[in-house]
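Q: model the following, please.
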Amino acid sequence: MKLFTCRWLPADCEPKALIFLNHGYAMECSVSMKGAAMRLVNAGFGVYGIDNQGHGKSDGIKGFIGGFDDLVYDCFQFFTSICERKENKNKLRILLGESMGGAMALRLHRTQPNFWDGGVLIAPMCKIAVNSRPSEIVMNILFQLNKIIPTWRIVPGEDIIELAFRDPKIRQQVRDNPLCYKGRVRLQTAVELFNVAIDLEKRLKEVTMPFLVVHGEDDKVTDPLTSKLLYESASTTNKTLKLYPGMWHALTYGEFTENTDTVFGDIIRWINERISQKHSRLEREQKTINDTLHK
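A: Sure thing, here's the model as predicted:
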């Protein structure tokens with residue numbers, strides 16, 4: 001299976017940090033996250049993305065997630081290969097994920113908790129809102145059907161594009177983008193996303209990496225209260241929550257320009273603070289080593 005990857009690098013300087021993009025369900029990196037990448041590159045960061053199996057330019061049945069763990073493994077292999085390059089050894093490593101990509105970032109953190117220097121979680125899918133949970137009867141039927149017809153597009157649900165993207169122009173761009181999956185959720189995909197959200201909800205306390213979580217208060221796709229729960233439950237003491245009144249789900253590509261400016265202002269400011277903190281920590285560690293050597 002061939003997976004599409006992409007990168008954006010500053011033209012006239014070394015990246016001061018590495019940012020790894022994790023796109024949402026039915027989305028992709030090279031078009032719908034390009035604006036986010038360009039904002040981050042202009043701030044001096046190196047940005048890398050990968051289209052998950054069944055998404056964008058990567059191989060696989062469109063919109064089909066056979067196993068979320070497979071997606072996590074793909075991202076981990078690609079992202080760590082970038083980090084291990086000689087020129088990147090000492091650079092800050094930041095995961096950035098939106099919606100399903102936020103769930104991906106949390107699962108990547110769990111894979112190797114001390115490897116990542118932080119996460120930017122944008123309307124993360126880390127809990128199934130009560131009003132979005134299918135009834136137990138419906139779930140039992142879906143689970144049984146999934147054993148027979150896992151790729152079928154028969155899961156009931158509202159039009160996510162209509163709910164997620166506030167700016168009508170961007171909403172139409174998504175509809176016109178052939179790389180974005182449209183249509184009903186496939187059975188196996190629904191089961192995988194449901195199981196991932198339930199799993200994350202039970203283990204929010206295990207989040208130990210520093211993170212910034214941002215969420216639109218008028219989000220109808222993932223509940224802003226789930227981000228608040230993540231903020232309150234995570235074990236890390238280095239955590240920040242930003243809720244934006246009036247904003248919808250797709251904060252990096254879907255809001256009006258002035259709102260996107262506000263969101264990225266907060267994101268870039270937070271990453272720069274992480275860089276300053278890391279430099280201070282490295283300087284303290286080096287001073288301790290030097291003091292020890294001279295005793």
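
Q: Arg203: neighbour count?
A: Per other Cβ atoms under 10 Å, the neighbour tally for Arg203 reads 14. In short, each C-beta sits where N, CA and C put it, glycine included.

Q: what do you get for Met125?
A: For Met125, the neighbour count with other Cβ under 10 Å is 25.

Q: ok, now which ones touch it?
A: Residues near Met125 by Cβ atoms under 8 Å, 6 or more residues apart in numbering: 25, 99-100, 102-103, 193, 196-197, 200, 222, 226.

Q: quick one: Val191 is in a helix?
A: Yes. The assignment for Val191 is a helix, going by DSSP: H, G, I helix; E, B strand; the rest coil.

Q: give me every residue that touches it.
A: By Cβ under 8 Å, 6+ apart, the contact list for Val191 reads 142-143, 146.

Q: just the ones in strands from the contacts of Met125, please.
A: Within those, no residue falls in strands by DSSP state E.

Q: ok, so of the residues you listed, who is nearest Ile122?
A: Closest to Ile122 out of these is Gly102 (6.1 Å), distances taken as Cβ to Cβ.

Q: chain neighbours aside, what residue packs nearest to the closest one?
A: Distance criterion Cβ to Cβ, 6 or more residues apart in numbering; nearest residue to Gly102, sequence neighbours excluded, is Pro124 at 2.5 Å.

Q: which ones are touching that neighbour?
A: So Pro124 contacts 97-99, 101-103, 105-106, 213, 222, 226-227, 230 (Cβ under 8 Å, 6+ apart).

Q: need the contacts of Met125 in CSV (columns: pLDDT, distance to Ser32 and neighbour count).
A: Formatted as CSV, the contacts of Met125 follow (pLDDT from 0 to 100; distance: Cβ to Cβ, whole Å; neighbours: other Cβ atoms under 10 Å):
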residue, pLDDT, distance to Ser32, neighbour count
Tyr25, 96, 12, 22
Ser99, 97, 12, 26
Met100, 97, 13, 28
Gly102, 98, 15, 31
Ala103, 98, 17, 27
Leu193, 94, 18, 19
Val196, 96, 21, 23
Ala197, 93, 22, 22
Leu200, 96, 23, 23
Thr222, 94, 17, 28
Thr226, 93, 22, 24
